[in-house]
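**Student:** model the following, please.
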Amino acid sequence: MAVAATPLPYLPDLPSFPTLPKKRVPAGHPREWYESHHRRLKAMRLAIALMHAGAYRPEQASNRKIRNTAARIGVHPPSDTTCAMVRTLIGFED
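**Tutor:** Residues are numbered from 1 along each chain as shown. Below you'll find the predicted structure:
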């Protein structure tokens, strides 16, 4: 289970926003649903941390950089699939 991390020393001062309360995930879904749900949450946390650190384009986010960021924010090292998802989130444009 992920825990809210303290602010990182290498990130600039950011305004603090109130966060939504955590809710339990609904019961009764197949295991694959929970795995993909948690993978998406992890990818979003990593994408936000990378963008705060200055990686605004997918090519700036190598697997090594993503995994180093994961270690800094206190989450388990992501898989190659999660790293690809992080790059997709960073590169998303309207």
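**Student:** local confidence estimate at the residue of the chain most remote from its centre?
**Tutor:** In terms of distance from the mean C-alpha position of the chain, residue 28 ranks first, at 25.3 Å (Cα atoms, centre = their mean). The model reports residue 28 with a pLDDT of 94.
**Student:** remind me, longest helix of this protein?
**Tutor:** In the chain, assigned by DSSP state H, the helix with the most residues is helix 31-52.
**Student:** name the next helix or strand following it along the chain.
**Tutor:** Once helix 31-52 ends, the next helix or strand along the chain (criterion: DSSP states H and E) is helix 63-73.
**Student:** name the residues that touch that next one?
**Tutor:** Identification of contacts with helix 63-73 by Cβ atoms under 8 Å, 6 or more residues apart in numbering yields 5, 8, 10, 45-46, 49-50, 53, 55, 76-78, 80, 82-83, 86-87. For glycine as for every other residue, the C-beta is placed from the backbone atoms N, C-alpha and C.
**Student:** kindly give a single PyMOL line that selects the buried subset of these.
**Tutor:** Burial among the contacts of helix 63-73 is assessed by 16 or more other Cβ atoms under 10 Å; the matching PyMOL selection reads:
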select buried, resi 45+46+49+50+53+55+78+82+83+86+87
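**Student:** and the longest helix of the chain, what's buried?
**Tutor:** Buried positions in helix 31-52, judged by neighbour count with 16+ other Cβ under 10 Å: 42-43, 45-47, 49-50, 52.
**Student:** swap in stretch 70-77?
**Tutor:** 70, 73, 75.
**Student:** could those go into JSON lines alongside distance to residue 92 and pLDDT?
**Tutor:** JSON lines is the format used below for the buried residues of stretch 70-77 (distance: Cβ to Cβ, whole Å; pLDDT from 0 to 100):
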{"residue": "70", "distance to residue 92": "20", "pLDDT": "93"}
{"residue": "73", "distance to residue 92": "20", "pLDDT": "88"}
{"residue": "75", "distance to residue 92": "21", "pLDDT": "89"}
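**Student:** out of those residues, the closest to residue 24 would be?
**Tutor:** residue 75 (19.7 Å; Cβ to Cβ).
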